[in-house]
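> I would like to see how this sequence folds:
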Amino acid sequence: MNTIQKKIWMLAGAVIVMMFAIWLALTFYNQKTQDQYNDILQRYLQMHEVSASSQETVTNLNEYLSEPTGRTANRLEVSQQRLMDAQASLIELRNAQNEFTLTNYSNMIESFMETVERSIAFSEQGENETALTEFTEASRISIYISEMTLSIFNSELKTYERFYRDIIRQSKELDTMGVLLLSLTSVLLLLFTYLFSLSITKPVHQLTKAANELAKGRFDHPIRVNSNDEISFLAKTFDHMRVNINKLILEIQQKAQVESELQESKLLLQQSQMRHLQSQVNPHFLFNTLNTLSKKAYLDGAQDTSDLLVSVASLLRYNLKRLDHTVTLEEEAYVLKQYMEIQKARFSDRLKFHVDLDETALVYQMPSLTLQPLIENAVIHGIEPNEDGGQIWFRIKDLAEHIVIEIEDNGLGMDAATMEKLRSGGINPQEGHATGIGFANVTKRLHLFYGREDVVEIESTLGRGTKIILKLPKVMEVENYV
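Model (predicted):
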């Protein structure tokens with residue numbers, strides 16, 4: 001199967017090969033022309049170097065004869081060496097046409113060098129007039145060298161005139177070849193692109209036509225696409241989907257009647273459940289009944305019984321709140337005191353409850369039903385199993401950055417394993433919990449409300465009691481948090 005990716009790679013490969021061939025041809029002709037230009041230029045530069053070096057040697061010789069110092073002697077020696085190097089490079093310029101001329105040119109350079117050496121020798125011997133005569137001869141030879149250099153330049157220009165014309169002709173041919181290659185490449189690319197696009201768009205058009213038929217609900221027409229790539233596979237899958245959809249439509253029509261009957265049965269079930277809920281005892285009715293009993297006990301002179309019923313009614317009303325609502329610390333502290341009044345009536349002298357509240361902290365918000373489950377744990381697990389009873393301390397402190405709430409008992413305490421189990425929610429609320437809310441539930445709601453994990457701490461020693469410490473940020477004006 002020829003995949004679309006394979007077709008794309010084939011097109012890209014053809015383009016790359018064609019571009020590489022064009023680049024290779026242009027580079028070859030360009031490099032050939034450049035090498036020829038460099039060869040001619042190098043010949044001119046080498047001959048110019050001879051002329052310039054001879055003139056520089058004459059200038060340095062004049063300075064040395066006028067002022068024979070180490071500096072002028074060194075400069076003269078450098079210019080002589082430069083001229084000798086230029087003379088040695090003339091060997092590369094020899095050919096059948098200029099061999100005789102370059103031989104004379106080289107001999108003239110050697111004669112110049114010998115004249116310079118004689119002038120230096122006479123100057124060192126103190127024969128200044130003879131040295132000056134030799135300097136004059138060297139200057140004359142230097143002029144001859146410059147004139148002969150120009151003569152060789154003219155000869156070279158005549159020799160390479162035909163070559164220059166060939167280079168110009170090759171440049172024009174190169175331009176023509178570039179235009180032809182670009183035109184050919186453009187035509188071939190357009191042809192390849194058209195064939196490539198046609199191999200993709202034609203099957204896509206057939207598939208689109210089949211999709212339009214399906215959109216009109218005609219699921220009985222088979223889907224056929226003439227292709228051997230991924231589009232053909234897609235068409236076969238599409239046709240298989242058409243068959244499955246046609247079957248599903250028939251099944252849906254058959255199940256529509258059954259679904260309608262099930263819906264009617266579900267509605268009847270909901271109505272039955274509603275009637276069952278309506279038949280349950282209304283908690284608000286129970287709250288009102290407790291208030292009536294409290295008033296009756298008060299009128300009959302049973303003050304303790306009346307107070308106890310008031311506490312139970314207040315606790316019931318508070319527990320009817322939704323857990324996602326927030327309350328003030330003052331409300332939580334009040335309902336906690338009501339709960340402890342009930343427990344003190346139950347345990348009598350076995351239970352002592354100590355309260356230490358910072359009034360400035362009672363205005364801040366917290367989740368409802370947070371403190372009561374914690375105090376219930378202290379009563380049920382810490383005090384109730386102890387025959388001698390115990391004490392519970394409830395403290396609220398307003399610190400600079402947060403509120404600290406402590407619930408402490410001197411009951412049985414717990415070991416490290418039990419504390420870890422309590423933190424992880426492995427201990428469920430027992431019978432006797434008025435709220436049915438466990439310690440893990442309280443902890444999780446505090447984490448969600450304050451957005452922090454460090455709000456609850458447990459300190460406990462087996463046989464000596466337990467302390468729950470809440471470090472709560474100061475939050476106000478929050479209605480709910482879920």
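> Would you mind pulling up the elements that the helix or strand hosting Ala25 packs against?
When secondary structure is defined by DSSP states H and E, Ala25 falls within helix 4-66. Counting by 3 or more C-beta pairs under 8 Å, 6 or more residues apart in numbering; DSSP states H and E, the packing neighbours recorded for helix 4-66 are helix 70-88, helix 99-124, helix 128-159, helix 161-215. To be clear about C-beta, it is placed using only N, CA and C from the backbone, and glycine gets the same treatment.
> Run through the neighbouring helices and strands of the longest one.
Helix 161-215 is packed against helix 4-66, helix 230-278, with contacts defined by 3+ C-beta pairs under 8 Å, 6+ apart.
> and stretch 382-400, how far out from the chain's middle?
Taking C-alpha atoms, centre = their mean, to the nearest Å, one finds stretch 382-400 lying 54 Å from the centre of the chain it belongs to.
> Pull the residues that contact it.
The contact list for stretch 382-400, computed with C-beta atoms under 8 Å, 6 or more residues apart in numbering, reads 329, 333, 336, 340, 347, 349-358, 360-362, 375, 378-379, 403-413, 432, 465-466.
> Are any of these buried, and if so which?
Neighbour-count burial (16 or more other C-beta atoms under 10 Å) is assigned, among the contacts of stretch 382-400, to 329, 333, 336, 340, 347, 351, 353, 357, 361-362, 375, 378-379, 403, 405-413, 465-466.
> Which of those fall in strands?
Judged by DSSP state E, strands contain the following of these: 351, 353, 357, 403, 405-409, 465-466.
> Make a markdown table out of these and add pLDDT and distance to Phe192.
As requested, these are arranged in a markdown table below (pLDDT from 0 to 100; distance: C-beta to C-beta, whole Å):
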| residue | pLDDT | distance to Phe192 |
| --- | --- | --- |
| Leu351 | 88 | 96 |
| Phe353 | 90 | 94 |
| Leu357 | 93 | 89 |
| Ile403 | 94 | 78 |
| Ile405 | 95 | 81 |
| Glu406 | 95 | 84 |
| Ile407 | 94 | 84 |
| Glu408 | 94 | 87 |
| Asp409 | 92 | 89 |
| Gly465 | 91 | 89 |
| Thr466 | 92 | 84 |
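> from these, which single one is nearest Ser139?
If you rank these by distance to Ser139 using C-beta to C-beta, Ile403 comes first, at 110.1 Å.
> export the helices and strands packed on helix 4-66 to a markdown table and tack on distance to Val475, mean neighbour count and mean pLDDT?
Compiled in a markdown table, the helices and strands packed on helix 4-66 are given as follows (distance: least, C-beta to C-beta, whole Å; neighbours: other C-beta atoms under 10 Å; pLDDT from 0 to 100):
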| stretch | distance to Val475 | mean neighbour count | mean pLDDT |
| --- | --- | --- | --- |
| helix 70-88 | 92 | 16 | 83 |
| helix 99-124 | 104 | 16 | 82 |
| helix 128-159 | 99 | 16 | 80 |
| helix 161-215 | 57 | 13 | 76 |
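> which one of those lies closest to Leu422?
Judged by C-beta to C-beta, the one of these that comes nearest to Leu422 is helix 161-215, at 61.7 Å.
> Quick check: which ranges of the stretch 251-400 of the chain have low pLDDT?
Across the stretch 251-400 of the chain, residues meeting the criterion (pLDDT under 70) sit at 261-262, 264-324.
> what do you get if the cut-off is 80, keeping everything else the same?
Using pLDDT under 80 as the threshold, the predicted model of the stretch 251-400 of the chain has low-confidence ranges 253, 257-258, 260-325, 345-346, 348.
> for it, what spans make up the helices?
Under the criterion DSSP state H, counting those that start in this stretch, helices of the stretch 251-400 of the chain are mapped to 283-299, 303-319, 329-347, 371-377.
> per-residue pLDDT, Leu11?
Predicted confidence (pLDDT) at Leu11: the value is 69.
> I should have written Asn2 there, sorry.
What the model reports for Asn2 is a pLDDT of 59.
> tell me how far stretch 117-136 is from the chain's mean position?
The gap between the average C-alpha position of stretch 117-136 and the chain average comes to 83 Å, counting by C-alpha atoms, centre = their mean.
> Quickly note the distance from Glu114 to Glu67.
Distance, Glu114 to Glu67, using C-beta to C-beta, to the nearest Å: 23 Å.
> what's the burial count for Arg423?
A count of neighbours around Arg423, defined by other C-beta atoms under 10 Å, yields 14.
> My read is that it contacts Glu457, right?
No - if you go by C-beta atoms under 8 Å, Arg423 and Glu457 don't touch, sitting 10.1 Å apart.
> between these two, what contacts are shared?
With C-beta under 8 Å, 6+ apart, Arg423 and Glu457 have no common neighbours.
> ok, back up a step: winner for burial among the helices and strands packed on helix 161-215?
Per-stretch averages of neighbours, counted by mean count of other C-beta atoms under 10 Å, single out helix 4-66 among those, with a mean of 15.
> angle of it against helix 70-88?
Calculated by axes from the mean of the first three to the mean of the last three C-alpha atoms, to 10 degrees, helix 4-66 forms an angle of 130 degrees with helix 70-88.
> tell me the angle helix 4-66 makes with helix 99-124.
Counting by the same axes, to 10 degrees, helix 4-66 lies at 40 degrees to helix 99-124.
> coming back round to it: tell me the gap between the helix holding Ala25 and the middle of its chain.
Shown here is helix 4-66, whose average C-alpha point lies 47 Å from the average C-alpha point of the whole chain (C-alpha atoms, centre = their mean).
> again with stretch 407-419
49 Å.
> tally of neighbours for Ile223?
Using other C-beta under 10 Å as the criterion, the residues surrounding Ile223 number 21.
> Can you tell me the SS state at it?
Look at Ile223: counting by DSSP: H, G, I helix; E, B strand; the rest coil, its state is coil.
> Give the full set of residues in contact with it.
By C-beta under 8 Å, 6+ apart, the residues touching Ile223 are 207, 210, 235-236, 238-239, 242.
> Identify, from the residues you listed, the entry nearest to Glu477.
When the contacts of Ile223 are compared against Glu477 (criterion: C-beta to C-beta), the nearest one is Phe238, at 59.2 Å.
> Val50 is in contact with Phe153, correct?
No - counting by C-beta under 8 Å, no contact exists between Phe153 and Val50, whose distance comes to 11.5 Å.
> by how many degrees do the helix holding Ala25 and helix 128-159 diverge?
Computed with the same axes, to 10 degrees, the direction of helix 4-66 lies at 150 degrees from that of helix 128-159.
> that older thread, Val187: which of the ones in strands among the buried ones among the contacts of stretch 382-400 is nearest?
Nearest to Val187 among those, with distances taken as C-beta to C-beta, is Ile403, at 84.9 Å.
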